[in-house]
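S.K.: coordinates for the following, if possible.
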Amino acid sequence: MIDKKVASAGAAVADIFDGASVMIGGFGTAGMPDELIDALIARGVGDLTIINNNAGNGESGVAALIREGRVRKIVCSFPRQPDSHHFDAAYRGGKIELELVPQGNLAARIQAAGAGLGAIFTPTGYGTLLAEGKETREIDGKHHVLEYPIHADFALIKAQRADRWGNLVYRKTARNFGPIMAMAAKTTIAQVADIVPLGSIDPEAVVTPGIFVQRVVKIAPALAAAA
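M.R.: Numbers count the residues shown, from 1 in each chain. Here you go, the predicted model:
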């Protein structure tokens, strides 16, 4: 019997190792799997490469990972906002590496990994510092830059509901990067507000099929951060 339910956030992240690459869903705090991140911090692993849209907000989520010195490198599209002080301090202190990726390219490169593509050509970034040292090509009269897929060892994402097979439904804009990250990681771990019986989710409503999810853990809505 297929049953991907895990008893706790700690058990869900128990095999994440030092030096792992970890995709973390969320657009700012919307859809951020805070409890999974807290469990990862409690586990004590470090030297992580984090792939996320932002470089952390305030004191929680990705910001907390950076604050605790667990992140060696971050791949993101938006590292600067008023409350990204932990990233700012770490970057200025030479304690964290940044790979800056335009948001559309970030999504496209993650999608390319999930689709099994070898690389993509994109016009975004051509003629800028972000294209330095990269192959370029003119396609239909427009210049493009060769970009490679972004894979990860793990993806930590947040959804609204799951069944024991790992089929996922999201809550509004909390969906953001979750579906594509689930496809691009070797192991996807989803924190959800509710786990429902098989057949309770309309197949037409499933956004992430269970084939892309290895573990689901229920986090009580009263404890979980608002999406």
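S.K.: for the most centrally placed residue in the chain, which non-adjacent residue is spatially closest?
M.R.: Relative to the mean C-alpha position of the chain, the nearest C-alpha, by CA atoms, centre = their mean, is the one of Ile24, at 2.5 Å. In space, and not counting its chain neighbours, Ile24 is closest to Asn52: 4.5 Å by CB to CB, 6 or more residues apart in numbering. Just so you know, the C-beta spots here come from the backbone N, C-alpha and C atoms, and that holds for glycine as well.
S.K.: cool, and Tyr170?
M.R.: Counting by CB to CB, 6+ apart, the residue nearest Tyr170 is Ala159, at 5.1 Å.
S.K.: put the alpha carbons of whichever strand or helix holds that neighbour into CSV.
M.R.: Assigned by DSSP states H and E, Ala159 belongs to strand 152-162. Output in CSV follows, covering the C-alpha atoms of strand 152-162 (Å, rounded to 0.1, in the frame of the first residue of the first chain):
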residue,chain,number,x,y,z
ALA,A,152,18.1,19.8,-6.3
ASP,A,153,18.5,16.9,-3.9
PHE,A,154,15.4,18.0,-2.0
ALA,A,155,12.4,20.3,-2.4
LEU,A,156,10.5,21.6,0.7
ILE,A,157,7.1,22.9,-0.4
LYS,A,158,3.8,23.9,1.2
ALA,A,159,0.3,22.8,0.0
GLN,A,160,-3.2,23.0,1.3
ARG,A,161,-4.3,19.4,1.0
ALA,A,162,-2.8,16.0,0.2
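S.K.: ok, Glu99 - contacts?
M.R.: When contacts are counted by CB atoms under 8 Å, 6 or more residues apart in numbering, Glu99 touches 73-76.
S.K.: give me the helices and strands touching the helix or strand hosting Glu35, please.
M.R.: Per DSSP H and E: Glu35 is located in helix 34-43. Identification of packing neighbours for helix 34-43 by 3 or more CB pairs under 8 Å, 6 or more residues apart in numbering; DSSP states H and E yields helix 9-12, helix 62-67, strand 152-162, strand 185-195.
S.K.: one step back: which of the contacts of Glu99 has the most neighbours?
M.R.: Ile74 (26 neighbours; other CB atoms under 10 Å).
S.K.: does it really touch Asn53, like I thought?
M.R.: No - Ile74 is beyond contact range of Asn53, at 10.6 Å (criterion: CB atoms under 8 Å).
S.K.: okay, the helices and strands packed on helix 34-43, which one's buried deepest?
M.R.: strand 152-162 (a mean of 26; mean count of other CB atoms under 10 Å).
S.K.: mean confidence score for that one?
M.R.: Throughout strand 152-162, pLDDT has a mean value of 98.
S.K.: which positions within stretch 68-88 qualify as buried?
M.R.: 70-71, 74-79, 84-88 (16 or more other CB atoms under 10 Å).
S.K.: for stretch 104-123, same thing?
M.R.: Buried-residue list, stretch 104-123, by 16+ other CB under 10 Å: 105-114, 120-122.
S.K.: from those, which single one is nearest Ala182?
M.R.: Gly114 (7.8 Å; CB to CB).
S.K.: now do the helix or strand the closest one falls within against strand 185-195, angle only.
M.R.: Assignment of secondary structure by DSSP H and E places Gly114 within helix 103-115. For helix 103-115 against strand 185-195, the angle by axes from the mean of the first three to the mean of the last three CA atoms, to 10 degrees is 100 degrees.
S.K.: quick one: low-confidence ranges for the protein?
M.R.: 221-227 (pLDDT under 70).
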